[in-house]
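**Student:** Take a look and give me a structure for this.
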Amino acid sequence: LDTAYLDYDVIGVKNAGEREMLEVLLVAGRKDMVDSFLQVLLKARLKPREIEVLPLTLLRFLRREEGQQVVAAVDVARGVTNMVIADAGKPRLARMMPSGLTVMERQAAATREEGMGDATEGMERERLVVNIQATIGFYQSHKEARPVEKILLSGTGSRGAGLVEGLRARLGLPVKRVNPAEVLGLKVAGFSGEEFVDFSLAASLACRGWE
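**Tutor:** Coordinates of the predicted model:
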């Protein structure tokens, strides 16, 4: 505990016999990582107002109907994949996985001369699919958890060949890519709608200022 900052949020209340119990989402962040970010801001004479957990910000792009479902939002970026499972808009499980495009690109580049690039990329993509499946399985192992109904993908890696199809085949769930430009009703000159998918996580952080 000495190496981490802890915070929590009350996400629900339930009755257990004669007692009322709170459902709490606990968040932990490494002190050295958080402190390094804060030092950069302080040196720039900026005062942080909020510290956000990246996976949780993805919930800002849930549409009205998705806000009543159990959904898994997954952002596949360079070096890390952020994932959150939410039930009726309330976060139930969040995870950051050290996988994504950086691993795929590095290993593909190292083996491309030997003609193994496509195979290596496929292995990394399969590993990501398995990690997502395992996270959903862990969540659904809790007896009170409702089954996940949909997977929402974003980030640069979500546009890679085979990921959407792999998740559909493995989990038997509808999978779609989230386009923040469509959700927010934005039109920016010089950017196609598909390009906005790459910046979903950044857009979700920026939306904090609109709330």
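
**Student:** In contact with Ala4: list those residues for me.
**Tutor:** By Cβ atoms under 8 Å, 6 or more residues apart in numbering, the contact set of Ala4 is Ala28, Gly29, Arg30, Lys31. C-beta coordinates here come from the backbone N, C-alpha and C atoms, glycine included.

**Student:** wait, doesn't the first one sit right on Tyr5?
**Tutor:** Read that as Ala28. Yes. Applying Cβ atoms under 8 Å, one finds Ala28 in contact with Tyr5, separated by 7.0 Å.

**Student:** who touches both of those two?
**Tutor:** Contact criterion Cβ under 8 Å, 6+ apart; residues shared by Ala28 and Tyr5: none found.

**Student:** could the contacts of Ala4 go into CSV alongside neighbour count and distance to Val71?
**Tutor:** Shown next, in CSV, are the contacts of Ala4 (neighbours: other Cβ atoms under 10 Å; distance: Cβ to Cβ, whole Å):
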residue, neighbour count, distance to Val71
Ala28, 13, 24
Gly29, 15, 24
Arg30, 11, 28
Lys31, 12, 32
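
**Student:** Show me these that map onto helices.
**Tutor:** When DSSP state H defines the helices, the subset of the contacts of Ala4 inside them is Lys31.

**Student:** What is the neighbour count of Val148?
**Tutor:** 21 (other Cβ atoms under 10 Å).

**Student:** Is it located within a helix, as I assumed?
**Tutor:** No. Val148 is assigned coil when assessed by DSSP: H, G, I helix; E, B strand; the rest coil, not a helix.

**Student:** Contact partners for it?
**Tutor:** Counting by Cβ under 8 Å, 6+ apart, Val148 has contacts Val70, Val71, Ala72, Ile85, Ile136, Tyr139, Gln140, Leu171, Leu173.

**Student:** filter those to the buried ones?
**Tutor:** Listed as buried from the contacts of Val148 are Val70, Val71, Ala72, Ile85, Ile136, Tyr139, Leu171; burial here means 16 or more other Cβ atoms under 10 Å.
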